[in-house]
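**Q** missing the sequence, but the structure's below:
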Ligand SMILES: CC[C@H](C(=O)O)C(=O)SCCNC(=O)CCNC(=O)[C@H](O)C(C)(C)COP(=O)(O)OP(=O)(O)OC[C@H]1O[C@@H](n2cnc3c(N)ncnc32)[C@H](O)[C@@H]1OP(=O)(O)O
């Protein structure tokens, strides 16, 4: 199985991408698993939060699985994959309970989009994360750019996207993308971070989350995500993008 979904007795669900041999790249199985975890977290009355992390210490998530998605050539083919994951990341963003990304290793491209869709981001000291899509002649395409614009001040978000390079966890903490740096075991760090939040009744947590969900619905975040997906799909067709993918796959 490419992922696990585990219920922690302290009241939160943990979704782990278990493809460390591929730096936890996201394929269609992972998309399905993520969707399942979001639905489970949403529907379970004894779950107060959803945690997302990656297997191993090398990577949290390396974004889209290029060995699968390299076969998407046209903007229509790209749109089909991009919009599928954008739907999932939007549902993660507006999940009625707190969500936490535990960035246990490198996070690049769509991996940073996945982390952005969570309310809180913890990162292991020393890891690097970056919205590298721009260096591949595309933009974020799963909604991560539009979501990042909701989470960071414009200049900070724009700089991360437009520089398109991995940054240190410490730098990302300084600009407020990362909320807590840890050096111990990932889930110990997560449990410590969640300790006070989990004391509250789930209805209180959901009421507070609703403040932001209402803001995102009223400001038509989903419409802005759709525009991002369409833009990325058009750029996807470029020779420069396909040359990047081929170069990456041929480097083996
Ligand atoms: C809108 C989202 C968008 C999309 O869907 O396309 C994106 O996510 S764009 C960004 C796509 N992701 C990338 O371009 C990242 C590619 N990977 C890397 O840059 C590196 O692998 C890195 C920095 C994540 C880790 O480097 P490291 O040296 O630690 O590992 P290797 O490069 O040797 O990789 C080990 C192993 O994993 C395979 N791998 C890594 N990332 C991916 C990926 N995204 N898709 C498929 N496979 C990936 C890599 O090919 C190696 O496999 P092996 O069989 O051992 O050669």
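**A** Looks like it came in fine. Just so you know, these numbers come straight off a predicted model, no measurement behind them.
**Q** Show me the helices in the protein, by range?
**A** Counting by DSSP state H, the chain has these helices, from start to end: 28-43, 66-69, 75-93, 110-116, 144-151, 154-163, 169-174, 186-194, 202-218, 221-236, 239-250.
**Q** among these, which is the most enclosed?
**A** Scoring the helices of the chain by mean neighbour count under mean count of other Cβ atoms under 10 Å gives helix 110-116 as the most buried, with a mean of 29. For the C-beta atoms, the positions are set from N, CA and C on the backbone; glycine is no exception.
**Q** so how far is that helix from its chain's centroid?
**A** If you compare the mean C-alpha spot of helix 110-116 with that of the full chain, they lie 3 Å apart, counting by Cα atoms, centre = their mean, to the nearest Å.
**Q** Check the chain and tell me which residue is nearest its centre.
**A** For the chain, residue 114 is the residue whose C-alpha lies nearest the centre (Cα atoms, centre = their mean; 0.7 Å).
**Q** Residues in contact with stretch 145-162: which ones?
**A** With Cβ atoms under 8 Å, 6 or more residues apart in numbering as the test, stretch 145-162 has contacts from 89, 93, 113, 116-117, 130-131, 134, 139-140, 167, 175-177, 216, 221, 224-225, 227-228.
**Q** Among the residues you listed, which ones lie close to the ligand?
**A** Under the cut-off given by Cβ under 6 Å from any ligand atom, the ligand has residue 140 from the contacts of stretch 145-162 close to it.
**Q** where in the stretch 101-250 of the chain is pLDDT low?
**A** Applying pLDDT under 70 to the stretch 101-250 of the chain flags no residue at all.
**Q** So which bits of the stretch 1-150 of the chain are right by the ligand?
**A** By Cβ under 6 Å from any ligand atom, the part of the stretch 1-150 of the chain that sits against the ligand consists of 22-23, 25, 58-59, 62-67, 69, 106, 108-110, 132-133, 136, 140-142.
**Q** make it 5 Å
**A** 22-23, 25, 62-67, 106, 108-110, 133, 141-142 (Cβ under 5 Å from any ligand atom).
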